[in-house]
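*Asks:* dropping a prediction and its sequence here:
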Amino acid sequence: MATLTASSSAPSAAAASLAHPDVQALPPSRGYWALALRRFTRDPVAMGAAAVVLLLIGLALLGPWLAPADPYAASMLKRLKPIGTEGLPLGSDELGRDMLSRLMVGARLSLFIGITPVVCAFMVGSVIGIVAGYAGGMTNTVIMRTVDVFYAFPSVLLAIALSGVLGAGIVNSLISLTIVFIPQIVRVAESVTTQVRNRDYVEAARASGASPFTIVRVHVLGNVLGPIFVYATSLIAVSMILASGLSFLGLGVKPPEPEWGLMLNTLRTAIYVQPWVAALPGLMIFITSISFNILSDGLRSAMDNKG
């Protein structure tokens, strides 16, 4: 009987295909990440910003080997030379050190201090926010009210206050900036997790007896990490500016390390003698910050389902 049914269904399918010769099978649909990547690559502005960011990262990795001169070698005879001087394409600083070499080598430390706090805050803040959003109730209230206390302070003032208490140095700057960014990421993580927690597939998993850890790992993480990551990328530009500001105030990197914020501080007295040379570290900070901002906007647009 089953053989007869199968044999009768085959001619009917063939007859259907003959009756409708224009009907074609639908191509397999693209996944969410494939569509997001496709939208991102079609955005020329975002791709340009991504190219600049990759160039800066490459400069940070290879800067010590690509630098044309020793960034620590000082010479008072070459002090504050203008841009275009022979042997000093971008001039020299207040101690006669090659500005091009210091900018290239300083990219490593500047990017490290700017990106590392955001990465640490992303990991810590995501965990806290997801726990608060999924647990709800009193757990959510306690966590979010504690976060609101830190969130109430302006980022600049909180970073300066924490750095002043902990003291100057790279490690203390990283800790201060991480603490500054954790509340912001917690709020975003809690918000998106609260929306996902009431979805039908989460309710179905909960009704089937799955543990909260399994539900969060299987059903929640994949839907909330995307928005959190996009928001975290937008904080890199803020982190770069804050880290440079701490170094400018003497609360971050200590001399003679080449770091853009510290270089801006040491060159402030030369702004009337060589204004273009003094503006070079600020220009690098501006280019890096605007590139990360545009990259973040491109990622947000690409990952928008309405796009």
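*Replies:* Looks like it came in fine. Residues are numbered from 1 along each chain as shown.
*Asks:* hang on, Leu174 packs against Ile113?
*Replies:* Yes - applying C-beta atoms under 8 Å as the test, Leu174 and Ile113 come out as touching, 6.7 Å apart. Any C-beta I mention is one placed from the backbone N, CA and C, and that applies to glycine too.
*Asks:* who touches the residue nearest the centre of the chain in this structure?
*Replies:* Geometric centre of the chain, nearest residue: Thr233, 2.5 Å, by C-alpha atoms, centre = their mean. Thr233 is in contact with Val118, Phe292, Leu295, Ser296, Leu299, counting by C-beta atoms under 8 Å, 6 or more residues apart in numbering.
*Asks:* cool, Arg97 as well?
*Replies:* If a contact means C-beta under 8 Å, 6+ apart, then Arg97 has Pro71, Tyr72, Ala73, Ala74, Ser75 as its contacts.
*Asks:* for stretch 138-154, buried residues please.
*Replies:* Buried residues in stretch 138-154, defined by neighbour count with 16 or more other C-beta atoms under 10 Å: Asn140, Ile143, Met144, Val147, Tyr151.
*Asks:* that should have said stretch 252-268, apologies.
*Replies:* 252-253, 257-267.
*Asks:* about what we covered before: any of the contacts of Thr233 buried? List them.
*Replies:* Val118, Phe292, Leu295, Ser296, Leu299.
*Asks:* tell me which element the second one is part of?
*Replies:* When you say that, I think you mean Phe292. Here Phe292 sits within helix 275-302, counting by DSSP states H and E.
*Asks:* other SSEs contacting that helix?
*Replies:* helix 32-41, helix 44-66, helix 99-135, helix 221-248, helix 260-266 (3 or more C-beta pairs under 8 Å, 6 or more residues apart in numbering; DSSP states H and E).
*Asks:* any idea which of these is most buried?
*Replies:* helix 260-266 (a mean of 25; mean count of other C-beta atoms under 10 Å).
*Asks:* for that helix, the distance to its chain's centre please.
*Replies:* 23 Å (C-alpha atoms, centre = their mean, to the nearest Å).
*Asks:* show me what it is packed up against.
*Replies:* helix 99-135, helix 221-248, helix 275-302.
*Asks:* okay, these in CSV with distance to Asp93 next?
*Replies:* Below are the helices and strands packed on helix 260-266 laid out as CSV (distance: least, C-beta to C-beta, whole Å):
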stretch, distance to Asp93
helix 99-135, 6
helix 221-248, 15
helix 275-302, 7
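*Asks:* please report how far the residue lying closest to Gly114 once chain neighbours are set aside lies from Ala278.
*Replies:* Nearest non-adjacent residue to Gly114, counting by C-beta to C-beta, 6 or more residues apart in numbering: Met240, 3.7 Å away. Between Met240 and Ala278 the computed distance is 19 Å (C-beta to C-beta, to the nearest Å).
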